[in-house]
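In: Sharing a model prediction with you, sequence too.
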2 protein chains.
Amino acid sequence: MRNIKIVLRYNGAHFYGWQKQKNLRTVQGDLEDAIFAITGERVEVFGSGRTDKGVHALGQVASFHLETNIPLKNLQNALNDRLQSDVRVMSISLAKDDFHARFSAKIKTYEYVVQVGGVSDAIKSELVAYFPYDVDLEKMKKAAKMLVGKHNFKGFCAADTQVTSFERQIFDIQIKKVGKIYKFSVTGNGFLYNMVRIFVGTLLDVGRGALSFDDVEKALTLGERKHAGQTMPACGLYLKSVKYSI
Amino acid sequence: MRNIKIVLRYNGAHFYGWQKQKNLRTVQGDLEDAIFAITGERVEVFGSGRTDKGVHALGQVASFHLETNIPLKNLQNALNDRLQSDVRVMSISLAKDDFHARFSAKIKTYEYVVQVGGVSDAIKSELVAYFPYDVDLEKMKKAAKMLVGKHNFKGFCAADTQVTSFERQIFDIQIKKVGKIYKFSVTGNGFLYNMVRIFVGTLLDVGRGALSFDDVEKALTLGERKHAGQTMPACGLYLKSVKYSI
């Protein structure tokens, strides 16, 4: 039995997220159905993490065990033929027996893309978020530095979370601006529910002057959600890459 | 009563085209509903032309008559607040009394975007078409030159058309390649049903060697659809601009 690793790219707009749900279209569900249709095997596909409804992936990693002895390149082509055009297997490879897309993951990078000001881009309304206010890039970069490091991120986490430990390590936050488009790139060893979307909402609110550095400091030290900024919409969020060694 | 001209940008993926249809979401229908909600006036919005289901616009032009005395900039903002995010009014202006978005149009430019080869882009599956075969750019440019000029384009027109005259003038066809992405830009004084999508399908088929220059010549001179190439899908097509003076 082979342990197979795949790298996926998908547009999350028409999926109810990664995780299988009855009678709803999900990435995991589509993949498992496609593998079944091709091989006759009902496997469970493990993702590096769940992505929410509307969230995209440039490099989601998944793994699954397969008995069928089909060459991997053929399996990739068969999957891409069968899957709808908004999800694609970008690469496929044999993984070690103990590899697990979720439990073996060490570092993830998310990207958040937002248009600041102007008339929002109708063509990319499902691919780029929109923020109507002017922002100060240098202020946002300064606030981003405050978030880097090992912290208790309870203040940057959606209230309905089930986790008990809120400590995560953020290695890097980059903000790049091209015209009205701002790209936030956030790398860390793990992420709480909605954490990147709250990070970006907080940084944008600092950038427009609605939040102060002191508010960010309070959200970090007091762990209270009310000091952080808004949760930005799913459409701007991309799971960019997952690394399995440090 | 003012005659108002608007320039629109929209993503056609979730519209059943431009033209109003009962119980289906259309760009014209959404605009007329939004104008009614803002002003209480039921107006008819004339587009420069119909775009089909799935076809996008970067610069569709529309016009309508309005009694309500609202400043134009306020009307633009109110429309953009009320419209869904996949359609936006990019500019608004007062037009001369005799201006009509459709009947006054002189020149239109369509753009067609297609990825050639590789794994198709899942993120942009509703924005970029896909062609799986290698193509020869120089061959396509040579075939494109054959289409430029005043011709009877009956061979490049969907069979179910209602028109009786098939003569149109194509001023220019540009093909630009960036990596795997090919952009076809077609400018003319008018377009038959599916004409740009058949142009691009024909050029790609010439580029891959499935059609010859002789086939293109036959489609032009004999006016028979069977000599031209396939109709490319709607998702790659953009109405780029409309000009009202030559």
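Out: Looks like it arrived, so ask away.
In: If I look at A:T161, what pLDDT would I see?
Out: As predicted, A:T161 sits at a pLDDT of 62.
In: Just list the residues touching A:A105, thanks.
Out: A:S48, A:G49, A:V61, A:V242, A:K243, A:Y244 (C-beta atoms under 8 Å, 6 or more residues apart in numbering or on different chains). (Each C-beta comes from the backbone N, C-alpha and C, glycine too.)
In: tell me the contacts of the nearest residue to the second one once chain neighbours are set aside?
Out: What that stands for is A:G49. Residue nearest to A:G49 in three dimensions, not counting chain neighbours: A:R102, with 6.4 Å by C-beta to C-beta, 6 or more residues apart in numbering or on different chains. By C-beta under 8 Å, 6+ apart, A:R102 lies in contact with A:F46, A:G47, A:S48, A:G49.
In: Which one (most neighbours) among these?
Out: A:S48 (26 neighbours; other C-beta atoms under 10 Å in any protein chain shown).
In: Touching, that residue and A:F99? I think so.
Out: No. Using C-beta atoms under 8 Å as the test, A:S48 is too far from A:F99 to be in contact (11.2 Å).
In: would you turn the contacts of A:R102 into CSV with secondary structure?
Out: Output for these, formatted as CSV (DSSP: H, G, I helix; E, B strand; the rest coil):
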residue, secondary structure
A:F46, strand
A:G47, strand
A:S48, coil
A:G49, coil
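In: out of these, who's nearest chain B?
Out: Using C-beta to the nearest C-beta, A:G47 comes nearest to chain B of the contacts of A:R102, at 15.2 Å.
In: so how many other residues sit close to A:E111?
Out: 20.
In: For whatever helix or strand it lives in, which outside residues touch it?
Out: A:E111 is located in strand A:107-116, with elements delineated by DSSP states H and E. Residues outside strand A:107-116 that contact it (C-beta under 8 Å, 6+ apart): A:48-49, A:58, A:121, A:127-131, A:133-135, A:171, A:180-191, A:196-197, A:199-200, A:204, A:232, A:236-243, A:246.
In: Likewise for stretch A:119-127?
Out: Contacts of stretch A:119-127 (C-beta under 8 Å, 6+ apart): A:11, A:13, A:54, A:56, A:113, A:115, A:128, A:130, A:235-236, B:9-11, B:56, B:58, B:80, B:84-90, B:123-124, B:127.
In: Mind checking which of those residues land in helices?
Out: B:N80 (DSSP state H).
In: quick revisit: neighbouring strands for the strand holding A:E111, and are they parallel or not?
Out: Looking at strand A:107-116 with DSSP bridges, its partner strands are strand A:129-131 (parallel), strand A:181-188 (antiparallel), strand A:237-243 (antiparallel).
In: TSV for these, including mean pLDDT?
Out: Listed next are the strands paired with strand A:107-116 as TSV, based on pLDDT from 0 to 100:
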stretch	mean pLDDT
strand A:129-131	98
strand A:181-188	98
strand A:237-243	98
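In: for these, which one sits closest to A:L220?
Out: strand A:181-188 (14.3 Å; C-beta to C-beta).
In: Tell me the first helix or strand C-terminal of the closest one.
Out: helix A:195-208.
In: before we move on, the earlier item: can you classify the residue nearest to A:G49 as helix, strand or coil?
Out: Criterion first, three-state DSSP; result for A:R102: coil.
In: Can you tell me how far it is from A:Q28?
Out: 12 Å (C-beta to C-beta, to the nearest Å).
In: Common neighbours of those two, please.
Out: Contacts common to A:R102 and A:Q28, judged by C-beta under 8 Å, 6+ apart, are A:G47.
In: mind giving me the domain ranges of chain A?
Out: Annotated domains of chain A cover A:2-94, A:107-243 [automatic domain parsing].
In: Report the buried residues of stretch A:193-206.
Out: Within stretch A:193-206, the residues that count as buried by 16 or more other C-beta atoms under 10 Å in any protein chain shown are A:193-206.
In: Please disregard the earlier target; I meant stretch A:67-87.
Out: Quick answer for stretch A:67-87 (16+ other C-beta under 10 Å): A:L72, A:L75, A:Q76, A:A78, A:L79, A:N80, A:L83, A:S85, A:D86, A:V87.
In: any idea which of those is closest to A:G149?
Out: For the buried residues of stretch A:67-87, the nearest to A:G149 is A:V87 (34.8 Å; C-beta to C-beta).
In: My guess is that closest one contacts A:V27. True?
Out: Yes. Taking contacts as C-beta under 8 Å, A:V87 lies within contact range of A:V27: 6.0 Å.
In: Overlap in contacts, these two.
Out: Joint contacts of A:V87 and A:V27 (C-beta under 8 Å, 6+ apart) are A:L8, A:Y10, A:F15.
In: out of the residues you listed, who has the most neighbours?
Out: Busiest of the shared contacts of A:V87 and A:V27 [other C-beta under 10 Å] is A:Y10, holding 28 neighbours.
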